[in-house]
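1. Pasted the sequence and its predicted model underneath.
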Amino acid sequence: MMLKSLKEILRTVKGKKILHSDKLIETTHWLHNLEFLVVRLMMFAIGVHHLYVYTVKTVF
């Protein structure tokens, strides 16, 4: 289902010639930065969780 709608979107974008290489590069850089931010946030959350578990086990 999702693959079908993605193919339809790509066909529409190709037909309208909206997809330029500069815009594509800019979008991929933005997605890469977003992915990096998400990974950093997940690592921070895991670190805070481990610190909390360690503190609870040590104190109580």
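-> Right, received. Where do you want to start?
2. Okay, the residue positioned nearest the centre of the chain and residue 49: tell me how far apart.
-> What sits nearest the mean C-alpha location of the chain, by Cα atoms, centre = their mean, is residue 35, with 3.7 Å. Residue 35 sits 21 Å away from residue 49, going by Cβ to Cβ, to the nearest Å. Every residue, glycine included, has its C-beta placed from N, CA and C.
3. which strands and helices sit next to the longest helix anywhere in the chain?
-> Taking DSSP state H as the criterion, the chain has its longest helix at helix 21-59. Taking 3 or more Cβ pairs under 8 Å, 6 or more residues apart in numbering; DSSP states H and E as contact, there are no helices or strands that helix 21-59 lies on.
4. centre of the chain versus that helix, how much separation?
-> Offset of helix 21-59 from its chain centre (Cα atoms, centre = their mean, to the nearest Å): 10 Å.
5. taking the mean pLDDT, what do you get for it?
-> Taken as a whole, helix 21-59 carries a mean pLDDT of 91.
6. For residue 10, report the pLDDT, please.
-> 73.
7. what kind of secondary structure is it in?
-> helix (DSSP: H, G, I helix; E, B strand; the rest coil).
8. and it, what is it in contact with?
-> Residues in contact with residue 10 (Cβ atoms under 8 Å, 6 or more residues apart in numbering): none are found.
9. measure it to residue 30 for me?
-> Where residue 30 is concerned, residue 10 sits at a distance of 18 Å (Cβ to Cβ).
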